[in-house]
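>>> Sequence plus the predicted model coming up.
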Amino acid sequence: MGGGYASDAVLGAEALRAASPGGILLVDAGFDSSEVFAASQGKFIPMIKLKGGGKVRDQMRKEAKRALDLCRLRGVAEGLFGGMKTKLNGALRSLRPEISQREAFLEAICYNLRVYLTLFLFLFLIALFCLRQKAKDRQAATPSR
């Protein structure tokens, strides 16, 4: 491999040349280089988040444009599991894989419920504030007798 201070693109291209072919190459914008695209050609389906706001600069990057949606999905999944780790103690205690999968699924549901209920509470408080403000405005506009 390259030196310790080599860029992601250089190290990534070297790793791709040594890797067995097959699958999808899903990486962030740090790997948007012609070296990485050339090394993945014919071995992987490149789905690389493009630099510069996703502008397609050449034909190789046209296929990789699809990466934006998958990167967003990856970000959502990473956020979900990161939240589970920090908020729900994140340790799966079961040794059996099928029980661990169920536990992870239930933790994901609990975490999503927690997020949605927090958002609901926030929106409820905003609506309550707006209604009170509207009532104050009406009271101020009504002439007193």
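Good, I have the coordinates.
>>> For the lengthiest helix in the chain, name the packing helices and strands.
As assigned by DSSP state H, the longest helix anywhere in the chain is helix 97-141. In this structure, helix 97-141 packs against helix 67-87, with contacts taken as 3 or more Cβ pairs under 8 Å, 6 or more residues apart in numbering; DSSP states H and E. C-beta: built from backbone N, CA, C; applies to glycine.
>>> I'd like the mean pLDDT over the helix it packs on, please.
With pLDDT averaged residue by residue, helix 67-87 scores 68.
>>> again with stretch 105-112
Averaging pLDDT along stretch 105-112 gives 82.
>>> And it, how far out from the chain middle?
Relative to the chain's own centre, stretch 105-112 is displaced by 17 Å; criterion: Cα atoms, centre = their mean, to the nearest Å.
>>> List the buried residues of it.
107-108, 111 (16 or more other Cβ atoms under 10 Å).
>>> Output that stretch as CSV, restricted to C-alpha atoms.
In CSV, the C-alpha atoms belonging to stretch 105-112 read as follows (Å, rounded to 0.1, in the frame of the first residue of the first chain):
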residue,chain,number,x,y,z
PHE,A,105,-35.1,-4.6,15.2
LEU,A,106,-37.1,-3.8,18.4
GLU,A,107,-34.4,-1.3,19.5
ALA,A,108,-34.7,0.4,16.1
ILE,A,109,-38.5,0.6,16.5
CYS,A,110,-38.1,2.0,20.0
TYR,A,111,-35.6,4.6,18.9
ASN,A,112,-37.8,5.7,16.0
